[in-house]
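Peer 1: structure here, sequence nowhere to be found:
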Ligand SMILES: Cc1cc2nc3c(=O)[nH]c(=O)nc-3n(C[C@H](O)[C@H](O)[C@H](O)COP(=O)(O)OP(=O)(O)OC[C@H]3O[C@@H](n4cnc5c(N)ncnc54)[C@H](O)[C@@H]3O)c2cc1C
């Protein structure tokens, strides 16, 4: 697509904004449409803000390709902008022999990905994170850092506003393909040279109107958080060994740059895409229940994960699980928090499996970003390069 062409981006989360920035730098005319009254009001402003360091991902995956570079570039960005960052690193702890074995696998995988990780013993763990508990060994990742994701969104929006070739509009929802090079929105029909679908929780619906991604559907998973007071019990970030059958990392302790320690996020399926309170019974509930039912019945790994993970989220078990990872937590020290986010988790309906990697598909003069799950916040800059170089600059 020649420089100077018009690119329309649907979605003003971190991915849409990063893609918009990259396109503008390449000389395209960019219009970003966001359905809400402001940018980053969904996953991008509601996540843990952890800049991941490339540990968990399958070595040949896009996640592995982008996370380490994304972490480095996001740190540079926040430092240039004077955004507060907590660079205390993180530890991953095991609770038994089985998790200790998986910890070693995780360590090997991280090294294959080129991540800086150290396998440490209990004594070294105490020096880094005095109250963390582990079976025998732990992983230390010095490059994991934490930011407030809202600060990053605000800075990205300011950067985009300063560019002559970028226009940002809020309160406009992309509805569906209208005709070749045209999209129907709540504010009428817009024309474009290329459309980028970065609509997060709604990306599958928009993609389908382009005849793209017929094998995929989004299933929303809610993550709620609690807060640890007294916060001095955790210096940095303490993570469990994740369950191997889910893409989620397990409830963890995260110290924000302001010094608050959050515990979460959980991972509950919910019945509508933006069900921030309650289960969210709504217009799409029957469809979401059908998706969930199929994944549950046809995917044994998912069933196992549900039974081993979800029970951990209930009151006393949640407390017990937290105490297995960090000592000194009293019964009243984990208090409610209003922080909550929803993951736009893609399901492959051919196997009814949760898709682990990022998915980007090209369509007629359009690009559809379908599984921008964690660590897409960390990876936003190299992810945007991939979308632009791989799907836009080469288009006729
Ligand atoms: C609880 C939780 C914790 C997480 N923790 C981390 C973490 O610590 N580190 C990390 O790297 N990642 C983390 N993630 C993942 C990260 O938040 C996401 O990968 C990332 O925010 C995805 O960005 P996005 O722009 O694709 O989606 P979104 O932020 O959802 O943005 C999509 C935007 O599109 C808009 N939109 C939707 N439909 C339309 C439409 N039709 N027309 C116009 N606009 C539309 C929405 O309003 C929204 O603003 C976490 C996610 C969750 C939910």
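Peer 2: All right, it came through fine. Computed from a predicted structure; not experimentally measured.
Peer 1: quick check on residue 200: phi, psi?
Peer 2: phi 50, psi -120 (degrees, to the nearest 10).
Peer 1: OK, contacts around it?
Peer 2: Going by C-beta atoms under 8 Å, 6 or more residues apart in numbering, residue 200 touches 11, 13, 15, 42, 43, 44, 344, 372. Just so you know, the C-beta spots here come from the backbone N, C-alpha and C atoms, and that holds for glycine as well.
Peer 1: now the residues you listed: which count as buried?
Peer 2: Buried members of the contacts of residue 200, counted by 16 or more other C-beta atoms under 10 Å: 11, 13, 15, 42, 43, 44, 344, 372.
Peer 1: helices or strands up against the helix or strand encompassing residue 344?
Peer 2: Secondary structure from DSSP states H and E places residue 344 in strand 334-348. When contacts are defined as 3 or more C-beta pairs under 8 Å, 6 or more residues apart in numbering; DSSP states H and E, strand 334-348 sits against strand 216-228, strand 261-264, helix 315-325, strand 353-354.
Peer 1: measure residue 91 to residue 261 for me?
Peer 2: Going from residue 91 to residue 261 by C-beta to C-beta, to the nearest Å gives 14 Å.
Peer 1: which residues of the stretch 101-250 of the chain lie near the ligand?
Peer 2: Applying C-beta under 6 Å from any ligand atom, we find that the stretch 101-250 of the chain lies next to the ligand at 173, 174, 198, 199, 200, 201, 202, 206, 223.
Peer 1: quick check: what element follows the helix or strand hosting residue 178 along the chain?
Peer 2: Here residue 178 sits within strand 174-179, counting by DSSP H and E. Next in sequence after strand 174-179, counting helices and strands by DSSP H and E, comes strand 182-185.
Peer 1: ok, now which ones touch the residue in the chain positioned nearest to the ligand?
Peer 2: Nearest to the ligand, among the residues of the chain, is residue 13, at 2.0 Å (C-beta to the nearest ligand atom). By C-beta under 8 Å, 6+ apart, the residues touching residue 13 are 39, 40, 42, 43, 44, 45, 153, 198, 200, 372.
Peer 1: so residue 114 lies in a strand, does it not?
Peer 2: No. The assignment for residue 114 (DSSP: H, G, I helix; E, B strand; the rest coil) gives coil, which keeps it out of a strand.
Peer 1: follow-up on the earlier one: using TSV, lay out the buried ones among the contacts of residue 200 together with pLDDT and secondary structure.
Peer 2: Formatted as TSV, those follow (pLDDT from 0 to 100; DSSP: H, G, I helix; E, B strand; the rest coil):
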residue	pLDDT	secondary structure
11	98	coil
13	98	coil
15	98	helix
42	98	coil
43	98	helix
44	98	helix
344	97	strand
372	98	coil
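Peer 1: need the residues you listed in JSON lines with distance to residue 4, can you?
Peer 2: Compiled in JSON lines, those are given as follows (distance: C-beta to C-beta, whole Å):
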{"residue": "11", "distance to residue 4": "23"}
{"residue": "13", "distance to residue 4": "26"}
{"residue": "15", "distance to residue 4": "23"}
{"residue": "42", "distance to residue 4": "31"}
{"residue": "43", "distance to residue 4": "32"}
{"residue": "44", "distance to residue 4": "29"}
{"residue": "344", "distance to residue 4": "32"}
{"residue": "372", "distance to residue 4": "27"}
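Peer 1: so what's residue 263 scoring on pLDDT?
Peer 2: With respect to pLDDT, residue 263 has a value of 96.
Peer 1: neighbours around the nearest residue to residue 89 once chain neighbours are set aside, how many?
Peer 2: Nearest in space to residue 89, with sequence neighbours left out and distances taken as C-beta to C-beta, 6 or more residues apart in numbering, is residue 142 at 4.3 Å. Neighbour count of residue 142, defined by other C-beta atoms under 10 Å: 15.
Peer 1: residue 297: neighbour count?
Peer 2: Neighbours of residue 297 (other C-beta under 10 Å): 11.
Peer 1: what's the following helix or strand after whichever strand or helix holds it?
Peer 2: For residue 297, the element it lies in under DSSP H and E is helix 285-298. Downstream of helix 285-298, the next assigned helix or strand under DSSP H and E is helix 300-309.
Peer 1: off-centre distance for that following helix?
Peer 2: Relative to its chain's centre, helix 300-309 lies at 21 Å (C-alpha atoms, centre = their mean, to the nearest Å).
Peer 1: what's the angle from that helix to strand 334-348?
Peer 2: Comparing the axes of helix 300-309 and strand 334-348 via axes from the mean of the first three to the mean of the last three C-alpha atoms, to 10 degrees yields an angle of 180 degrees.
Peer 1: give me the packing partners of helix 300-309, helices and strands only.
Peer 2: By 3+ C-beta pairs under 8 Å, 6+ apart, helix 300-309 packs against helix 285-298, strand 353-354.
Peer 1: which one of those has the most crowded surroundings?
Peer 2: Of all the helices and strands packed on helix 300-309, strand 353-354 has the most neighbours on average by mean count of other C-beta atoms under 10 Å, namely a mean of 19.
Peer 1: partners of that strand in the sheet?
Peer 2: strand 334-348 (antiparallel) (DSSP bridges).
Peer 1: the strand it pairs with versus strand 216-228: what angle between them?
Peer 2: Using the same axes, to 10 degrees: strand 334-348 against strand 216-228 is 170 degrees.
Peer 1: hmm, strand 334-348 touching the ligand?
Peer 2: Yes. Contact of strand 334-348 with the ligand (C-beta under 6 Å from any ligand atom) involves 341, 342, 343.
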